[in-house]
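Enquirer: Sequence and predicted structure below; questions after.
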Amino acid sequence: MQPARLTRKPRLFTSPRLQRQRRLGFGFLLLALAARAGAQAPDPEGLQFATADGGWRDSAALETDVTFNVTGLLAEVTVEQRYINDGSQWLEGRYLLPLPAGAAVGELRLAIGEREVVGEIHEKAQAQAIYQAAAAQGQRAGMVEQNRPNLFRTSVANIGPGETVTVRIAYWQAVDFRDGQFSIDLPLGLTPRYTPSTALALPDSAPRDGDPHALAPAAVAASADTAPPPVVSLQINLTPGVALDAIESPTHAIETTRHAERFVVRLKDFATLPERDFELRWIPTAVADPQSALFVEQRDDATYAYAMLLPPTQEIAPLPRELILVIDTSGSMSGSAIVQARDALAEALARLRPGDRFNLVQFNSTTEQLFMQPVPADAEHIRIASDWIAALQADGGTEMAPALRAALQGEAAPGFVRQVVFATDAGVGNESALLAQIERDLGEARLFPVGIGNAPNGWFLQKAAQIGRGSALVIRSTGEVAQRMQTLFAKLDRPALRGVDLAWPPGTEAYPETLPDLYHGEPLLAVAKLGGDGSGTLVASGWSAQGEWSDTLALGRGTRVDGVARLWGRHKIESLEDALRQGADEATIRSAIVALGIEHHLVSRYTSLVAVERQVARPSDAALASTRFENGGEDALALAQGATGARSLAAWAAALLLLALALTHPRPTRTLAESA
């Protein structure tokens with residue numbers, strides 16, 4: 001039955017007074033919409049120095065030196081930030097520091113001239129109270145706290161006029177080894193995080209993501225002035241432990257010198273602006289390609305081990321696949337990022353085999369599928385898809401949840417394996433809810449996130465791949481799209497090693513607790529607190545299409561290196577946070593994470609580092625102002641604006657506001673008699 005139609009206007013709307021009120025209300029609504037669009041102007045977070053009157057100063061400068069000491073599969077990294085106050089006020093500075101996924105932040109030192117103060121680990125609220133009290137009393141103080149798993153905030157209080165205060169932060173990270181090459185990365189830029197207006201459901205105990213305003217664009221006062229981004233210098237002291245064919249960076253020009261078995265790598269231009277993430281790769285010679293490695297650290301309480309084993313390559317005819325290609329077309333993907341994403345999907349289409357099925361999904365503020373359901377990978381469908389990809393543009397918000405739902409819903413056709421390739425910069429603020437959605441909706445599919453852009457959210461990409469039983473990769477530039485997609489399809493074309501298991505000596509506590517399927521070129525990695533005297537044998541096993549695989553590793557023959565215990569602590573904290581997301585008791589998890597953070601001197605969701613100089617520096621009659629430095633340059637600013645969808649929202653607001661003005665303009669009216 002069709003809905004009934006009104007044949008004449010209801011009397012409610014024929015009253016001139018009520019019509020004027022209705023139009024004015026509509027106009028105010030649209031003005032509010034325009035204001036909301038304006039409020040989403042970009043405000044990139046970085047080091048903050050604000051004046052006492054509420055405006056922003058650019059009279060302070062920040063210099064950053066980063067030193068990597070790499071031994072085999074572990075890196076100890078020192079980040080030295082010099083806060084320089086060339087103004088006449090006492091200042092407080094804050095800086096959002098992006099770090100690699102899995103970084104174990106464990107040291108803070110505050111240097112003032114020849115004096116140095118070593119930071120202590122405390123429960124987060126207690127650390128904040130200590131810092132704030134010191135800042136108010138005029139003592140120099142520094143603090144490091146976790147905002148998100150891969151984003152930390154450093155604060156330093158009471159920088160005197162003409163003074164330089166140095167903050168040194170140390171963290172430990174695992175070196176990545178896959179596809180025959182080693183790599184480390186350092187996030188330098190920040191992609192603003194988009195938080196959807198409608199939150200996804202989470203268990204009451206699930207962890208909430210960091211400060212929603214820390215990376216979300218916010219309103220900026222008209223008088224706001226932002227200090228320039230910090231200049232960053234890098235040095236990598238590399239002791240690889242194997243013979244190398246090459247050392248290279250896909251992101252920056254570098255210079256390498258060799259000193260016996262150690263290499264020193266520096267930026268060719270000495271320093272850089274934090275506009276794109278840094279990555280260094282080193283490729284072993286064919287004869288030196290490692291098949292296993294073991295690193296150990298002896299502590300008073302136990303021996304800690306970090307083990308790697310590389311299963312053999314499987315060569316077997318792949319199963320037919322149902323490939324779902326998803327592309328993020330939100331505003332944060334504007335510029336080179338959308339070009340890389342389009343090229344990546346075009347490369348994926350070119351690698352489809354006869355007999356495959358596929359579909360495409362694009363998302364920004366809305367989600368759109370190219371076909372109603374997956375279609376055969378024939379020439380006509382691929383031509384339609386190629387034309388569709390070429391026309392995609394970046395604008396709007398990053399509403400990722402509906403796109404994940406579209407890609408994962410339903411089951412693959414019988415005899416097909418569903419593989420979801422998800423190209424995005426992962427500029428989202430609701431990571432926990434999205435990860436919970438992947439756990440809930442994955443079914444038998446496999447998720448392969450592809451990081452795009454200058455500064456993708458690496459932690460989310462890796463975590464999504466882990467939960468999605470797939471593998472993540474990052475495309476750093478348009479020039480490496482073909483090679484990186486070839487690497488991805490080498491994994492998609494071969495079945496994974498399944499049923500992976502590690503048999504440790506009795507009493508060992510190892511992470512990850514559930515071992516992932518292993519794809520072509522990927523090693524088996526685990527970190528453990530060994531039981532007993534730390535000796536014995538590690539036995540690895542798994543099942544491939546060619547049968548059972550197994551390997552052994554003697555635990556008493558590892559290379560001794562610092563940082564393994566902290567790496568183990570970081571992995572255990574991540575495992576506890578996973579349990580929290582899945583509904584575990586928050587008080588129990590919080591207590592366990594606080595105990596781990598204090599025992600292993602680690603910054604976490606619930607623990608922070610704080611350092612306070614005993615003597616009072618700032619006179620009691622001198623005010624304390626604050627400043628901020630942005631992360632990234634013009635590219636980052638452009639990305640920040642696009643990520644919010646503000647341009648689209650502002651355009652709609654402007655158009656609808658004109659409509660409202662038209663509606664409020666007096667027009668001649670006709671009576672019912674004149675209408676008859």
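Expert: Received it, and whenever you're ready, just let me know what you need. Numbering: from 1, shown residues only.
Enquirer: mind listing what the residue nearest the centre of the chain touches?
Expert: The centre of the chain sits closest to residue 457, judged by Cα atoms, centre = their mean, with a distance of 2.2 Å. Going by Cβ atoms under 8 Å, 6 or more residues apart in numbering, residue 457 touches 150, 191, 193, 425-428, 431, 451. Where you see a C-beta, it was placed from the backbone N, CA and C, and this is true even at glycine.
Enquirer: What distance do you get for it to residue 291?
Expert: Taking Cβ to Cβ, to the nearest Å as the measure, residue 457 falls 32 Å from residue 291.
Enquirer: Dump the one helix or strand residue 127 maps to to PDB, keeping only the CA atoms.
Expert: Residue 127 belongs to helix 124-137 when assigned by DSSP states H and E. This file holds the C-alpha atoms of helix 124-137, laid out as PDB (Å, rounded to 0.1, in the frame of the first residue of the first chain):
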ATOM      1  CA  LYS A 124      49.700   7.200  36.400                       C
ATOM      2  CA  ALA A 125      47.500   9.400  38.600                       C
ATOM      3  CA  GLN A 126      50.300   9.600  41.200                       C
ATOM      4  CA  ALA A 127      52.900  10.600  38.600                       C
ATOM      5  CA  GLN A 128      50.600  13.300  37.400                       C
ATOM      6  CA  ALA A 129      50.100  14.600  40.900                       C
ATOM      7  CA  ILE A 130      53.900  14.600  41.500                       C
ATOM      8  CA  TYR A 131      54.500  16.500  38.300                       C
ATOM      9  CA  GLN A 132      51.800  19.100  38.800                       C
ATOM     10  CA  ALA A 133      52.900  19.800  42.300                       C
ATOM     11  CA  ALA A 134      56.500  20.300  41.200                       C
ATOM     12  CA  ALA A 135      55.400  22.600  38.300                       C
ATOM     13  CA  ALA A 136      53.300  24.700  40.700                       C
ATOM     14  CA  GLN A 137      56.100  25.000  43.200                       C
END
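Enquirer: Flag every buried residue along that helix.
Expert: Buried residues in helix 124-137, counted by 16 or more other Cβ atoms under 10 Å: 124, 127-128, 130-131, 134-135.
Enquirer: Out of those residues, which is nearest to residue 95?
Expert: Distances from residue 95 to these, taken as Cβ to Cβ, are shortest for residue 131 (14.5 Å).
Enquirer: which residue packs closest to the closest one, ignoring adjacent ones?
Expert: Of all residues not flanking residue 131 in the chain, residue 143 sits nearest, at 4.4 Å (Cβ to Cβ, 6 or more residues apart in numbering).
Enquirer: So what's the residue count around that neighbour?
Expert: 29 (other Cβ atoms under 10 Å).
Enquirer: where does it fall, phi/psi-wise?
Expert: Torsion angles at residue 143 (phi, psi; degrees, to the nearest 10) stand at phi -150, psi 140.
Enquirer: how about the strands in the stretch 401-550 of the chain?
Expert: Counting by DSSP state E, counting those that start in this stretch, one finds strands in the stretch 401-550 of the chain at the ranges 417-424, 446-452, 473-475, 498-503, 509-511, 524-530, 537-544, 547-554.
Enquirer: In a markdown table: these, plus mean neighbour count.
Expert: Output for the strands of the stretch 401-550 of the chain, formatted as a markdown table (neighbours: other Cβ atoms under 10 Å):
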| stretch | mean neighbour count |
| --- | --- |
| strand 417-424 | 24 |
| strand 446-452 | 26 |
| strand 473-475 | 22 |
| strand 498-503 | 15 |
| strand 509-511 | 18 |
| strand 524-530 | 22 |
| strand 537-544 | 18 |
| strand 547-554 | 13 |
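Enquirer: Select, out of those strands, the one closest to residue 321.
Expert: Of those, nearest to residue 321 by Cβ to Cβ is strand 417-424, at 5.0 Å.
Enquirer: what lines up beside the closest one in the sheet?
Expert: Its sheet considered, strand 417-424 pairs with strand 321-328 (parallel), strand 446-452 (parallel) by DSSP bridges.
Enquirer: average pLDDT for stretch 578-595?
Expert: Averaging pLDDT along stretch 578-595 gives 94.
Enquirer: should've said stretch 276-294
Expert: For stretch 276-294, the mean per-residue pLDDT is 87.
Enquirer: okay, that stretch in PDB with CA atoms only?
Expert: Extracted C-alpha coordinates of stretch 276-294, given in PDB (Å, rounded to 0.1, in the frame of the first residue of the first chain):
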ATOM      1  CA  ARG A 276      57.100  11.300   7.100                       C
ATOM      2  CA  ASP A 277      58.000   8.200   9.000                       C
ATOM      3  CA  PHE A 278      61.600   7.000   8.800                       C
ATOM      4  CA  GLU A 279      62.400   3.400   7.800                       C
ATOM      5  CA  LEU A 280      65.800   1.600   7.500                       C
ATOM      6  CA  ARG A 281      66.200  -1.800   5.900                       C
ATOM      7  CA  TRP A 282      69.200  -4.100   5.700                       C
ATOM      8  CA  ILE A 283      69.400  -7.200   3.500                       C
ATOM      9  CA  PRO A 284      71.600 -10.200   4.400                       C
ATOM     10  CA  THR A 285      73.500 -12.000   1.800                       C
ATOM     11  CA  ALA A 286      71.900 -15.200   0.400                       C
ATOM     12  CA  VAL A 287      74.300 -17.500   2.300                       C
ATOM     13  CA  ALA A 288      73.800 -15.500   5.600                       C
ATOM     14  CA  ASP A 289      70.000 -15.500   5.400                       C
ATOM     15  CA  PRO A 290      69.200 -16.500   9.000                       C
ATOM     16  CA  GLN A 291      66.900 -19.500   9.800                       C
ATOM     17  CA  SER A 292      66.900 -19.000  13.600                       C
ATOM     18  CA  ALA A 293      68.100 -16.600  16.300                       C
ATOM     19  CA  LEU A 294      68.100 -16.400  20.100                       C
END
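Enquirer: what comes up buried for that stretch?
Expert: 276-284, 290, 292-294.
Enquirer: cool, stretch 573-584 as well?
Expert: For stretch 573-584, burial by neighbour count (16+ other Cβ under 10 Å) applies to 573-574, 576-581, 584.
Enquirer: now those residues in a markdown table, with secondary structure?
Expert: Compiled in a markdown table, those are given as follows (DSSP: H, G, I helix; E, B strand; the rest coil):
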| residue | secondary structure |
| --- | --- |
| 573 | helix |
| 574 | helix |
| 576 | helix |
| 577 | helix |
| 578 | helix |
| 579 | helix |
| 580 | helix |
| 581 | helix |
| 584 | coil |
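Enquirer: Let me know the closest of these to residue 316.
Expert: residue 578 (32.4 Å).
Enquirer: Would you mind checking the average pLDDT for the helix holding residue 127?
Expert: Across helix 124-137, the per-residue pLDDT values average to 96.
Enquirer: distance between it and the chain's centre?
Expert: On the basis of Cα atoms, centre = their mean, to the nearest Å, helix 124-137 sits 28 Å off its chain's mean C-alpha point.
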